[in-house]
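**Student:** need a structure here:
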Amino acid sequence: MSVPSDLPKMTYRFLGRSGLQVSSISLGGWLTYGGHVEKENTFACMKAAYDSGVNFFDCAEGYSGGKSEEVMGEAIKKFGWKRNDLVISTKLYWGGAHGDNPVNNKGLSRKHVIEGMNGSLSRLGLEYVDLIYAHRPDRQTPMEETVRAFNHLINTGKALYWGTSEWNADEIAQAWRYADKLQLIGPVMEQPQYNMLDREKVEREYAHLYREVGLGLTVFSPLKTGVLSGKYKNGIPPDSRYAQETVEFIAGFWKRTGSKERWETTIAQVNKLEPIADQLGIKQSQLALAWVLKNPNVSSAITGASNPEQVYENVRAIEAVDKLTPEIMTQIDEIFGNKPPAIVERF
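**Tutor:** This is a model prediction of the structure:
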């Protein structure tokens with residue numbers, strides 16, 4: 001399938017204060033590649049993304065027991081893409097192979113960071129990754145050990161930049177204090193969840209870090225696993241993610257969200273986005289993605305796709321960003337009522 005001729009030109013943003021540029025729309029393998037999306041579809045999605053200007057592909061050692069890394073590595077080799085044209089990331093914490101003894105094969109100890117990196121590179125078939133993330137904070141390992149371990153990966157050429165995922169602001173600041181004290185490199189980027197329904201961490205908790213350390217964001221779940229796309233407005237389709245029971249993370253959805261009543265309240269709010277999208281002449285999913293990209297602290301929005309058409313639909317969100325006027329943004333704020341209060345600077 002060829003790229004639609006009217007697809008907008010990809011835009012690129014600097015990753016925080018670094019000199020690295022990443023595509024504003026990126027493609028990730030969480031819950032998809034190596035999992036419920038079969039290999040040939042994965043290849044087709046990655047090629048559609050690459051042909052659309054996407055240069056940033058994200059995975060993790062824990063995604064599908066390491067199979068996400070394997071299939072992404074296979075795609076890079078299959079299509080013969082130049083390594084210097086790609087920004088590849090993976091994440092360490094959960095371990096990369098089902099059946100491994102959990103002792104020392106999880107967390108952010110120096111041992112697991114180094115061995116986990118070696119395992120990821122082997123599965124990807126690469127000599128290095130551009131971005132390596134600490135997938136969760138490890139509060140049982142001294143921060144100094146973790147900072148030194150990730151710097152070791154950079155010093156040995158196995159990764160070019162390191163960052164965090166789902167850390168709180170205090171933990172990121174602590175990592176930077178150790179890095180400064182030891183004259184090492186601090187975490188350049190954070191990968192949090194960010195969308196219309198989840199705003200507090202990105203818009204309030206991290207606010208001082210953008211200014212103080214130049215933190216960049218590569219955010220995941222910009223569509224809240226499809227909720228913000230409008231696909232659930234009339235119930236849960238039998239072929240959708242929330243209808244299946246094989247992926248543990250999704251199978252426990254009702255327990256995590258609290259109740260079916262809460263779900264129904266959320267869907268009622270999300271349905272109010274449809275008239276706004278119609279007014280702007282875009283799809284609801286593109287409205288949600290464009291809203292994320294409207295935040296200047298977001299370097300890239302990591303999207304998922306199970307077919308090339310979804311990839312192209314996501315890329316079209318780029319041209320919708322300028323349509324989100326202050327008035328439109330206010331309408332969206334009023335629908336959800338969850339805009340974090342402004343932080344008052346004291347001098």
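**Student:** what segments of the stretch 51-200 of the chain are helices?
**Tutor:** Taking DSSP state H, counting those that start in this stretch as the criterion, the stretch 51-200 of the chain contains helices spanning 67-79, 110-124, 143-155, 169-181, 200.
**Student:** I meant the stretch 201-347 of the chain, not that one.
**Tutor:** For the stretch 201-347 of the chain, applying DSSP H, counting those that start in this stretch gives helices covering 207-212, 248-251, 253-257, 260-270, 273-280, 284-293, 308-315, 326-336.
**Student:** can you say which of these is packed in most?
**Tutor:** Among these, helix 284-293 has the highest mean neighbour count (mean count of other C-beta atoms under 10 Å), at a mean of 24. The C-beta positions use only the backbone N, C-alpha and C, and glycine is treated the same way.
**Student:** now do the buried residues in stretch 108-122.
**Tutor:** Using 16 or more other C-beta atoms under 10 Å as the burial criterion, the residues of stretch 108-122 that qualify are 108-109, 112-117, 119-121.
**Student:** thinking again about what came up before, tabulate the helices of the stretch 201-347 of the chain (TSV), appending mean pLDDT and distance to residue 19.
**Tutor:** Formatted as TSV, these follow (pLDDT from 0 to 100; distance: least, C-beta to C-beta, whole Å):
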stretch	mean pLDDT	distance to residue 19
helix 207-212	97	17
helix 248-251	54	35
helix 253-257	51	39
helix 260-270	91	38
helix 273-280	98	34
helix 284-293	98	21
helix 308-315	97	24
helix 326-336	98	30
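**Student:** any chance of the ones you listed in CSV with distance to residue 223 as columns?
**Tutor:** Shown next, in CSV, are the helices of the stretch 201-347 of the chain (distance: least, C-beta to C-beta, whole Å):
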stretch, distance to residue 223
helix 207-212, 24
helix 248-251, 14
helix 253-257, 15
helix 260-270, 10
helix 273-280, 11
helix 284-293, 5
helix 308-315, 9
helix 326-336, 14
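**Student:** low pLDDT regions in the stretch 1-150 of the chain?
**Tutor:** 1, 31-36 (pLDDT under 70).
**Student:** and the buried residues of stretch 108-122, which two are furthest apart?
**Tutor:** Greatest spacing in these, by C-beta to C-beta: 109 and 121 (18.3 Å).
**Student:** out of the helices of the stretch 201-347 of the chain, nearest to residue 93?
**Tutor:** For residue 93, the closest of the helices of the stretch 201-347 of the chain is helix 248-251, at 15.1 Å, according to C-beta to C-beta.
**Student:** low pLDDT regions in the stretch 151-300 of the chain?
**Tutor:** 235-258.
**Student:** doesn't residue 196 make contact with residue 229?
**Tutor:** No - using C-beta atoms under 8 Å as the test, residue 229 is too far from residue 196 to be in contact (11.3 Å).
**Student:** now for these two: what residues contact both?
**Tutor:** With contacts taken as C-beta atoms under 8 Å, 6 or more residues apart in numbering, the residues that reach both residue 229 and residue 196 are residue 288.
**Student:** centroid residue for this protein?
**Tutor:** Against the mean C-alpha coordinate of the chain, by C-alpha atoms, centre = their mean, the closest residue is residue 220 at 2.9 Å.
**Student:** so who does that one touch?
**Tutor:** Residues in contact with residue 220 (C-beta under 8 Å, 6+ apart) are 28, 30, 58, 191-194, 302.
**Student:** now swap in residue 167 and tell me
**Tutor:** With contacts defined as C-beta under 8 Å, 6+ apart, residue 167 is in contact with 134, 136-137, 175, 187, 190.
**Student:** likewise for residue 98?
**Tutor:** Shown in contact with residue 98 (C-beta under 8 Å, 6+ apart): residue 65.
**Student:** how close does residue 49 get to residue 305?
**Tutor:** According to C-beta to C-beta, to the nearest Å, residue 49 stands 8 Å off from residue 305.
**Student:** what sits in contact with each of those two?
**Tutor:** In terms of C-beta under 8 Å, 6+ apart, residue 49 and residue 305 are both contacted by the residues 27, 311.
**Student:** follow-up on the earlier one: could the contacts of residue 220 go into CSV alongside neighbour count?
**Tutor:** Compiled in CSV, those are given as follows (neighbours: other C-beta atoms under 10 Å):
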residue, neighbour count
28, 26
30, 20
58, 28
191, 26
192, 19
193, 17
194, 27
302, 23
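**Student:** sort out for me which of those are in strands.
**Tutor:** 28, 58, 302 (DSSP state E).
**Student:** quick check, nearest of those to residue 331?
**Tutor:** Distances from residue 331 to the ones in strands among the contacts of residue 220, taken by C-beta to C-beta, are shortest for residue 302, at 25.9 Å.
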